[in-house]
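>>> what follows is a predicted protein model with its sequence.
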Amino acid sequence: MLTFQKIKDFCKKPQTILILILLVFFLKGLLLTIILPIFNGYDEARHYNTIQYLAEPREKNWPKNEKGESADGDLVQRFNYSEEIKKTAEKIRCVGGEDKCNLYANNLFISGFDGENEAEINNRGWKQYNDDYPVNIAGKADSLYHQIGEKIERMLGEKNILIRFYTLRIFSVFLGTIAIFIFYLILKNIGFSPKHSLLITAIISFQPKFSFYYSYVNYDPLLILLFAFFVFGAILSIKDGLNWKNLSLMISSIIFGIWVKGTALILLAVFIFLIFAVIYKKVSGKTKINDKYWFGLFFTISFSVIMITFQKHLPLIGNFNEISASFFRYFLKNIDPELISLSSKTYWGILSFDNWISLHLLEIVWFIQFFSILGLILFIFSKNKPEFLPEKKYIFFFILMIVALQAGIRLADWQYFTKYGKLGLQTPGRYFFPNIAIHITLVFVGLGMLLQYFKKEKYFDLVLALSLVSMLAFFMYHLLSTLLDFYL
Amino acid sequence: MLNFSKKYFPLFLLLLFLFLIFARLEKELVFFEDALQKNSDIKIPPKQPLQEKFFSTRSGLTEIEILLGGGKKLSHPEEVKFKLADENCAKVIEEGSTKASFLKIKDLYALKFPKITDSKNKQYCLILEYQPLKSTAKNLQIYRSDEKIALRPGYKNASIWQDIHELSQRISQYKPWFFKHYFLWAIILGFLVLAILLVVVLILI
């Protein structure tokens, strides 16, 4: 018989709560998918056009219009996209100037559940292929994400653009749901209790910008998922040693990751480092040779292999003086408070409200992170690890991932600067999302260590609970802001 | 005591945040039908009223949005007083002070007043007067569109449910059939109920 106690026990099971987290993330993703207008995401129209371009018939027997490539920052309607994309953007009165629909025009809405121009959009009277050349493509046209998108686009070929486009967004939400599941496995395997793992997973799942990002048509949702798979494989290797399962998980994440986007190259660097680290751990102390020589050898070999592998991706033009002068110029350009805070602002999200919380939210986050860094320093140098926190080896690996992604992004930014003589990428926060689970975990490790140091470890649960409530509220405020922006 | 506060303080905070968010949503649920446009501006000196007539197309007139300030945020928007009068600019119906827009848009200001239920198809007269606290204050810049003050009326429906219904209609437009109307409601309610349940369960276990 179903008793209250049985229901209570069922609700307390980690599996039940994990399913609830995944379900909430999926529903939240669907909700954002609906609320955010078509082509509102970063390069969303461009990614969708790339998918349409791949889905075109192989024999392109239609006349082509040779046009100049549209300038960055232009309206969606003016890019070299398919007629269907441009006309749809026009019919929903897309307003904005950054190749995305920043706003609907305010007089768009009518009474009823169907828009004034919706029937025309659904009628499929426009060309679904590109005839304006050169076609505006997002990143690598043959990216794994675009190829999967092409299959979905072809499968729904006879449906209208709204169905096809929003199905691709649902696919992103699905990828995000898997990523959240992997985040939980990572947290559990590094030594957090099931309860703490669930709490931190839920906190990550409510991060507003991350949630928004997983509702767009873009290759990054797949990239973030592959990063999660790699980290999972890596921590299993650190935990259990290298075996075919962990190796294949890491290697396939790297291969598929690079197939999705070049950013995944940094996984290769981490992988090389990790392999040498595992080998070093095996041989050190087991031979007559002093450990520091082994360590020197390990570091030199892994560093050399990484440098040789990535030589062509580094902005190493000219001699040492020229490289250092270029780096110095790049560094000086980056000493700009606006630019420094940009990454953080776009990572956490800026609330568009004119009140105290919105104006100072980022400062609160920085304040918390400052104490967390102090805690992390304590954690690294302390001899005794709190029982409720993961072992140091995982934390070192997480820090390595943070450094690697930071270095990779900064190097790409510097390379752009060297090539074009100006800052172009501007390192927005979304570039750092592949490490979101690691970042948030490190924040709580730091806070946990600080609590332990002041003998207040019993408050760790409370800190996690308050963080969860705050993150949900933060997300809800973002949702409110989006509703006001687009629909009122 | 610690166990009590560990569990119930976060729950109390959750309730408080949710209340604040939904209260704000209810407050800001005002429907505008026109876009605000500006193509010129005028400057009005202190204590010289400026009149502008406008037409209300719906019942429930409750707010007017205007563009002020010439790109700089007004440090004291409450110094701009307004009166809402009948079409002859004779009988004052409502009056008050200007408020900065809840959204962080520099030029946008709101004139808020209690809902006028029978405002449909009526002409109104807006009287603006700049009453600065300092006698040395400069003129106030007001944006115009086609020789009229750049303003747009905002409306509320008869009930909050009608407001939510209209919001759901707007969200449903230009979406595939599986994201419209009842599907939209199911997703919104499903998310809200399960998200709150998740947080409560995670705090209480």
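Here it is on my side, so go on. Numbers count the residues shown, from 1 in each chain, chains lettered A, B, ... in the order given.

>>> where in the chain is pLDDT low?
Picking chain A for this. Applying pLDDT under 70 to chain A flags residues A:69-73, A:96-98, A:102-107, A:287-289, A:312-313, A:315-318, A:424-426.

>>> right idea, wrong chain: chain B
B:1-4, B:70-71.

>>> how is it carved up into domains?
B:2-29+B:159-204, B:34-155 (automatic domain parsing).

>>> could you pull out the strands in chain B for me?
B:31-32, B:40-44, B:50-56, B:61-67, B:80-85, B:92-97, B:99-100, B:108-116, B:122-130, B:140-145, B:148-149, B:151-155 (DSSP state E).

>>> want to throw those into TSV with mean neighbour count and distance to chain A?
The C-beta positions use only the backbone N, C-alpha and C, and glycine is treated the same way. Listed next are these as TSV, based on neighbours: other CB atoms under 10 Å in any protein chain shown; distance: least, CB to the nearest CB, whole Å:
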stretch	mean neighbour count	distance to chain A
strand B:31-32	18	6
strand B:40-44	13	20
strand B:50-56	15	15
strand B:61-67	23	10
strand B:80-85	20	16
strand B:92-97	14	16
strand B:99-100	18	6
strand B:108-116	18	10
strand B:122-130	18	19
strand B:140-145	20	13
strand B:148-149	16	17
strand B:151-155	22	8
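
>>> take those strands and write them to TSV, including distance to B:L189.
Converted to TSV, those look like this (distance: least, CB to CB, whole Å):
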stretch	distance to B:L189
strand B:31-32	22
strand B:40-44	46
strand B:50-56	34
strand B:61-67	27
strand B:80-85	38
strand B:92-97	36
strand B:99-100	32
strand B:108-116	27
strand B:122-130	37
strand B:140-145	40
strand B:148-149	41
strand B:151-155	26
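
>>> A:Y133: which of these is closest?
Among the strands of chain B, the nearest to A:Y133 by CB to CB is strand B:140-145 (39.9 Å).

>>> so which other helices or strands are in contact with the closest one?
strand B:40-44, strand B:61-67 (3 or more CB pairs under 8 Å, 6 or more residues apart in numbering or on different chains; DSSP states H and E).

>>> now for the last one, which elements pack on it?
When you say that, I think you mean strand B:61-67. Against strand B:61-67 (3+ CB pairs under 8 Å, 6+ apart) you get strand B:108-116, strand B:122-130, strand B:140-145, strand B:151-155.

>>> CA atoms of stretch A:112-129 as PDB?
Written as PDB, here are the backbone C-alpha positions of stretch A:112-129 (Å, rounded to 0.1, in the frame of the first residue of the first chain):
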ATOM      1  CA  GLY A 112      -5.400  36.100 -30.700                       C
ATOM      2  CA  PHE A 113      -2.900  33.300 -30.700                       C
ATOM      3  CA  ASP A 114      -1.700  33.700 -34.300                       C
ATOM      4  CA  GLY A 115       0.300  36.600 -35.500                       C
ATOM      5  CA  GLU A 116      -0.900  38.900 -38.300                       C
ATOM      6  CA  ASN A 117       1.700  37.600 -40.800                       C
ATOM      7  CA  GLU A 118       1.900  34.100 -39.500                       C
ATOM      8  CA  ALA A 119      -0.200  32.500 -42.200                       C
ATOM      9  CA  GLU A 120       2.100  34.000 -44.800                       C
ATOM     10  CA  ILE A 121       5.200  32.600 -43.000                       C
ATOM     11  CA  ASN A 122       3.500  29.100 -42.700                       C
ATOM     12  CA  ASN A 123       2.600  29.100 -46.300                       C
ATOM     13  CA  ARG A 124       6.200  28.200 -47.300                       C
ATOM     14  CA  GLY A 125       6.100  30.500 -50.400                       C
ATOM     15  CA  TRP A 126       9.700  31.500 -50.100                       C
ATOM     16  CA  LYS A 127      12.900  29.800 -51.300                       C
ATOM     17  CA  GLN A 128      14.400  27.500 -48.700                       C
ATOM     18  CA  TYR A 129      17.800  27.700 -50.300                       C
END
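
>>> quick one: buried residues of that stretch?
A:F113, A:D114, A:G115, A:E116, A:N117, A:E118, A:I121, A:N122, A:W126, A:Q128 (16 or more other CB atoms under 10 Å in any protein chain shown).

>>> near chain B, from these?
A:F113, A:D114, A:G115, A:N117, A:E118, A:I121 (CB under 8 Å from any CB of the partner chain).

>>> contacting residues around the last one?
Going by CB atoms under 8 Å, 6 or more residues apart in numbering or on different chains, A:I121 touches A:K87, A:T88, A:K91, A:I92, A:G115, A:N160, A:I161, A:L162, B:Y174.

>>> out of the residues you listed, which is most surrounded?
Highest neighbour count within the contacts of A:I121: A:T88, with 28 neighbours (other CB atoms under 10 Å in any protein chain shown).

>>> which residues touch that residue?
A:I38, A:F39, A:I121, A:W126, A:I161.

>>> these in helices, which ones?
In this view, the contacts of A:T88 that belong to helices under DSSP state H are A:I121, A:I161.

>>> quick one: contacts for the residue nearest the centre of chain B?
Nearest to the geometric centre of chain B sits B:E28, at 4.7 Å (CA atoms, centre = their mean). Residues in contact with B:E28, defined by CB under 8 Å, 6+ apart, are A:L480, A:L484, A:L488, B:F102.

>>> now, which of the ones next to chain B among the buried residues of stretch A:112-129 lie within helices?
Per DSSP H, the subset of these in helices is A:E118, A:I121.

>>> export the ones next to chain B among the buried residues of stretch A:112-129 to JSON lines and tack on distance to A:Q5?
Shown next, in JSON lines, are those (distance: CB to CB, whole Å):
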{"residue": "A:F113", "distance to A:Q5": "45"}
{"residue": "A:D114", "distance to A:Q5": "50"}
{"residue": "A:G115", "distance to A:Q5": "51"}
{"residue": "A:N117", "distance to A:Q5": "57"}
{"residue": "A:E118", "distance to A:Q5": "52"}
{"residue": "A:I121", "distance to A:Q5": "54"}
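
>>> closest one of the ones next to chain B among the buried residues of stretch A:112-129 to A:S341?
Nearest member of those to A:S341, counting by CB to CB, is A:G115, at 37.9 Å.

>>> what residues sit buried inside the helix ranked longest in chain B?
Looking across chain B with DSSP H, the single longest helix is helix B:2-28. Residues B:K6, B:K7, B:P10, B:L13, B:L14, B:F17, B:L18, B:I21, B:R24, B:L25, B:E28 are the ones in helix B:2-28 that count as buried (16+ other CB under 10 Å).

>>> then stretch A:407-425?
Those would be A:G408, A:I409, A:A412, A:D413, A:W414, A:Q415, A:Y416, A:F417, A:T418, A:L423, for stretch A:407-425 by 16+ other CB under 10 Å.
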